[in-house]
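1. model this:
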Amino acid sequence: MSTPTGFMEYKRELPADRDPLERIKDWEEFHKHLSEDQLRTQGARCMDCGTPYCHTGMELNGSVLGCPVHNLIPEWNNLIYRGLWREALDRLHKTNNFPEFTGSVCPAPCEGSCTVGLIGEPVTIKTIEKAIIDRGFEEGWVVPEPPKKRTGKRVAIVGSGPAGLACAAQLNKAGHTVTVYERADRIGGLLTYGIPTMKLDKKVVQRRVDLLAAEGVQFVTNTEIGKDIPAQQLLDEFDAVVLCGGATKARDVDIEGRELGGIYMAMDYLNSTIKSYLDSGLADGNYISAKDKNVIVIGGGDTGTDCVATALRHGCKSVTQFGTHAKAPLTRDPITNPWPQFPNVYTLDYAQEEAKALFGEDPRAFSVLTKKFVGDENGNVKELHTVQIERIVDETGRKIYKEIPGTEKVWPADLVLIAIGFEGPENTLIDQFGLERDRRSNVKAEYGKYRTNVDKVFAAGDMRRGQSLVVWAINEGREAAREVDRYLMGSTMLP
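-> Alright, predicted model coming up:
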């Protein structure tokens, strides 16, 4: 333990963010940093508990408990307190291939399960994690480490998101020759196309991709398996295939007026901006713009939040984010949301903070159901009709939404973005391989084993589990690599 009473002596401290009204003028990351002394103090707040729930990594009643990659959090908190940064980096890399990704975009379920959070504010785990990996790159400690010998086995990985990259990193470490196929023009999956640059700088993603390439991982872009290369060709040419293509089939709405112009899927909107920004700094104009428009975002999750932030940077006239869920309480409910579950409490995410600073209020509208879209004479959306709803339990015990009479409202809208989640993976690849699906249409492969019904074919990440967190994708990519190594070699030393 760093300091036995540190959690009582020191208060939780987070790095300041750039001013919201300033940061919406650019596309740069918005977090600032704590000093080394401040980080050591925050590390001293760790209790080094007998049972560190922060790295349990499990799910209970639909909520995440602790870190899914089982980061050795108390160990590197102690090392930071002692000033042993290189050793802390080694501990961090034992469990997480990409702490620079999770340190930027993970919602930190570890902090929700921190024991200090039972009686006060949890340890600033995510901030310390990000500081360790940043220091590692700054000091030149993170360098290519190619395997000393090759096994002669060849593995194809389809999809270069966090699951695919984690799987590639581990299998390459085991000495296998790994080729990663990506249908987009850049490697990274949702890390590149999906998460806006202000949350995750794409130079950070490319830095890690370059490192993996230097270690021997081969990357092939602009190539879609199932279209450009038939699935059977991978089975013929490789000893194993791992499918990490994500859950990219966006869920749409079936509402009157859906065919009107100006209504887009959220990922099409986000990715058009990201690509244009990476290609030309938005100079080419090849993106869906929200400039001077009244924007409505349907969906209260992270993707919808990213749409709000992007619309603000485009220079929208107004922005509102609809959610069917009720407004969260200010404090954790000890009955329905007990520790160590991730706390479901009211907070302002970065985009809502920015919108409030610009327009004077939280852009979210809670418990709202969109009833129809109405267009103008040119066939473009001009307004949305909504009604307030409440969640009730019907006579059969089901939880359903009930409309509240007299709460109808009309909203002006020039641009509507649909961000209500994903239905699962796309069909082409699954059908060509002849893979079984689970009841949610994901590739059927048991968690922890990752083997599909087709010999040599494994599945991991969102393609197997459905839409989830980056940290769960890394967990599955690592574990799938272990099982592929066992399949190829008869045994494995991978964690």
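2. please make it C-alpha for all contacts and neighbour counts, starting now.
-> OK.
3. so residue 354 is in which element?
-> Following DSSP states H and E, one finds residue 354 within helix 350-359.
4. now do that helix: which elements does it pack against?
-> Where contact means 3 or more Cα pairs under 8 Å, 6 or more residues apart in numbering; DSSP states H and E, helix 350-359 is packed against helix 20-23, helix 302-314.
5. hey, which of those is tucked in deepest?
-> Ranked by mean neighbour count, those are led by helix 302-314 with a mean of 23 (mean count of other Cα atoms under 10 Å).
6. got the angle for that one vs helix 350-359?
-> Between helix 302-314 and helix 350-359, the angle comes out at 40 degrees (axes from the mean of the first three to the mean of the last three Cα atoms, to 10 degrees).
7. helices and strands around helix 302-314, which ones?
-> When contacts are defined as 3+ Cα pairs under 8 Å, 6+ apart, helix 302-314 sits against helix 266-280, strand 294-298, strand 318-322, helix 350-359, strand 415-418.
8. which residues sit against that helix?
-> With contact meaning Cα atoms under 8 Å, 6 or more residues apart in numbering, helix 302-314 is reached by 24-27, 195-196, 266-267, 269-270, 289-291, 295, 297-298, 319-321, 349-352, 354-355, 417-421.
9. buried subset of those?
-> 24, 27, 195-196, 266-267, 269-270, 289-291, 295, 297-298, 319-321, 350-352, 354-355, 417-421 (16 or more other Cα atoms under 10 Å).
10. could you give the mean pLDDT of the biggest helix by length in the chain?
-> In the chain, assigned by DSSP state H, the helix with the most residues is helix 470-489. The average pLDDT within helix 470-489 is 98.
11. send me it as CSV with only the CA atoms.
-> What follows is helix 470-489 as a C-alpha-only set of coordinates in CSV (Å, rounded to 0.1, in the frame of the first residue of the first chain):
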residue,chain,number,x,y,z
VAL,A,470,-13.6,-0.9,-26.3
VAL,A,471,-12.2,-2.5,-23.2
TRP,A,472,-14.4,-5.6,-23.7
ALA,A,473,-13.2,-5.8,-27.3
ILE,A,474,-9.6,-5.8,-26.1
ASN,A,475,-10.5,-8.5,-23.5
GLU,A,476,-12.0,-10.7,-26.2
GLY,A,477,-9.3,-10.1,-28.7
ARG,A,478,-6.6,-11.2,-26.2
GLU,A,479,-8.6,-14.2,-25.0
ALA,A,480,-9.4,-15.3,-28.6
ALA,A,481,-5.7,-15.1,-29.4
ARG,A,482,-5.0,-17.4,-26.5
GLU,A,483,-7.5,-20.0,-27.8
VAL,A,484,-6.2,-19.7,-31.4
ASP,A,485,-2.7,-20.3,-30.1
ARG,A,486,-3.9,-23.4,-28.2
TYR,A,487,-5.7,-24.6,-31.3
LEU,A,488,-2.6,-24.2,-33.5
MET,A,489,0.1,-25.4,-31.1
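12. okay, buried residues for it please.
-> Under the neighbour-count criterion of 16+ other Cα under 10 Å, helix 470-489 has 470-485, 488 buried.
13. before we move on, what about stretch 82-91?
-> 85-86, 88-91.
14. just name the closest of those to residue 190, please.
-> Residue 190 has its nearest neighbour among these in residue 89, at 25.2 Å by Cα to Cα.
15. and the closest one, what element?
-> Residue 89 belongs to helix 85-95 when assigned by DSSP H and E.
16. which residues sit against that helix?
-> Taking Cα under 8 Å, 6+ apart as the rule, helix 85-95 contacts 69-72, 75-77, 79-80, 99, 129, 132-133, 135-136, 141.
17. now, of those residues, which are buried?
-> Buried among the contacts of helix 85-95 by 16+ other Cα under 10 Å: 69-72, 75-77, 79-80, 99, 129, 132-133, 136.
18. want to try JSON lines for these, with distance to residue 57 and pLDDT as columns?
-> Formatted as JSON lines, the buried ones among the contacts of helix 85-95 follow (distance: Cα to Cα, whole Å; pLDDT from 0 to 100):
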{"residue": "69", "distance to residue 57": "7", "pLDDT": "96"}
{"residue": "70", "distance to residue 57": "6", "pLDDT": "95"}
{"residue": "71", "distance to residue 57": "9", "pLDDT": "95"}
{"residue": "72", "distance to residue 57": "11", "pLDDT": "94"}
{"residue": "75", "distance to residue 57": "16", "pLDDT": "94"}
{"residue": "76", "distance to residue 57": "17", "pLDDT": "94"}
{"residue": "77", "distance to residue 57": "18", "pLDDT": "94"}
{"residue": "79", "distance to residue 57": "22", "pLDDT": "96"}
{"residue": "80", "distance to residue 57": "23", "pLDDT": "95"}
{"residue": "99", "distance to residue 57": "16", "pLDDT": "97"}
{"residue": "129", "distance to residue 57": "16", "pLDDT": "97"}
{"residue": "132", "distance to residue 57": "21", "pLDDT": "98"}
{"residue": "133", "distance to residue 57": "21", "pLDDT": "98"}
{"residue": "136", "distance to residue 57": "25", "pLDDT": "98"}
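19. among the residues you listed, which are located in helices?
-> 75-77, 79-80, 99, 129, 132-133, 136.
20. ok, back up a step: hey, C-alpha coordinates of the helix holding residue 354 in PDB?
-> The C-alpha coordinates for helix 350-359 follow below in PDB (Å, rounded to 0.1, in the frame of the first residue of the first chain):
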ATOM      1  CA  TYR A 350     -18.200  16.400 -22.800                       C
ATOM      2  CA  ALA A 351     -20.600  17.200 -25.500                       C
ATOM      3  CA  GLN A 352     -23.500  18.100 -23.200                       C
ATOM      4  CA  GLU A 353     -21.100  20.300 -21.200                       C
ATOM      5  CA  GLU A 354     -20.200  22.100 -24.500                       C
ATOM      6  CA  ALA A 355     -23.800  22.500 -25.600                       C
ATOM      7  CA  LYS A 356     -24.800  23.900 -22.200                       C
ATOM      8  CA  ALA A 357     -21.900  26.400 -22.300                       C
ATOM      9  CA  LEU A 358     -23.000  27.600 -25.800                       C
ATOM     10  CA  PHE A 359     -26.800  27.500 -25.600                       C
END
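21. alright, that wraps it up for me.
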